[in-house]
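>>> When you get a sec, could you give me coordinates for this:
(one chain, ligands or ions: 1)
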Amino acid sequence: MALRKMYLNINGAERLVVCDPEVDTLSDVIRRIGLTGTKVGCNTGQCGACNVILDGKLVRSCVKKMKNIKEYSTITTVEGIGQPNALHALQQAFIFCGAVQCGFCIPGFIVSSKALLDQNINPTRQEVRDWFTKNRNGCRCTGYKQIVDAVILAAAVLRGEKT
Ligand code: FES
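Numbering: from 1, shown residues only. Below is the predicted model of the structure:
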């Protein structure tokens with residue numbers, strides 16, 4: 001085991017982390033430093049619960065080995081999207097639309113939705129569904145309709161068309 005120290009920019013703050021680059025995944029490191037909003041469901045890259053945004057790209061952190069992460073990479077986890085007393089439009093919309101059932105998959109959906117709206121602020125329902133399919137976001141409670149409703153509502157709010 002060869003441990004390595006490296007700096008990462010996580011949710012806007014520089015963080016020094018210690019990891020075994022050959023063994024640890026990004027989700028291991030994120031959760032070890034206390035950002036447990038990132039969930040690990042399948043741990044094999046299939047469910048999207050562990051989604052984070054790495055240098056502007058949506059990635060499944062459970063299959064991203066630390067040896068493939070560059071020093072000073074920028075990472076956004078669900079904790080970096082809104083705050084408990086200042087929720088992001090997506091988080092407000094998920095609540096408003098009743099898009100949360102057991103909740104385990106929701107951090108991954110929020111991060112995935114943020115990555116979508118960062119590149120397309122006016123998606124159609126089909127584009128939202130296609131995005132989740134492409135990025136393998138899974139909800140075992142199967143509450144997909146309300147999740148799509150929430151993304152469409154949040155997009156309208158972010159465009160300034162709804163409050
Ligand atoms: Fe990473 Fe399922 S926990 S994709």
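>>> quick one: the helices in this protein?
26-32, 89-96, 106-119, 125-134, 144-158 (DSSP state H).
>>> Can you name the residues that contact the most centrally placed residue in the chain?
Geometric centre of the chain, nearest residue: residue 111, 2.7 Å, by C-alpha atoms, centre = their mean. Each residue near residue 111 by C-beta atoms under 8 Å, 6 or more residues apart in numbering is listed here: 51-53, 58, 76-78, 81. Placement of C-beta: from N, CA and C, glycine included.
>>> which of those residues count as buried?
Taking 16 or more other C-beta atoms under 10 Å as the criterion, what is buried in the contacts of residue 111 is 51-53, 58, 76-78, 81.
>>> Just the closest of those to the ligand, please.
residue 51 (7.5 Å; C-beta to the nearest ligand atom).
>>> that older thread, pick the most deeply packed of the helices of the chain.
Ranked by mean neighbour count under mean count of other C-beta atoms under 10 Å, the helices of the chain are led by helix 106-119, which reaches a mean of 24.
>>> ok, is that helix in contact with the ligand or not?
No. Applying C-beta under 6 Å from any ligand atom, one finds helix 106-119 separated from the ligand by no less than 7.5 Å.
>>> could you give me the average pLDDT of that helix?
For helix 106-119, mean pLDDT rounds to 98.
>>> Quick one: name the residues of this protein near the ligand.
40-43, 45-50, 60, 62.
>>> hang on, the earlier thing: could I get the contacts of residue 111 as TSV with pLDDT and distance to residue 163?
Below are the contacts of residue 111 laid out as TSV (pLDDT from 0 to 100; distance: C-beta to C-beta, whole Å):
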residue	pLDDT	distance to residue 163
51	98	28
52	98	29
53	98	26
58	98	28
76	98	25
77	98	27
78	97	24
81	97	19
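>>> Kindly indicate which of those lies nearest residue 4.
Of all those, residue 52 has the smallest distance to residue 4: 19.7 Å, by C-beta to C-beta.
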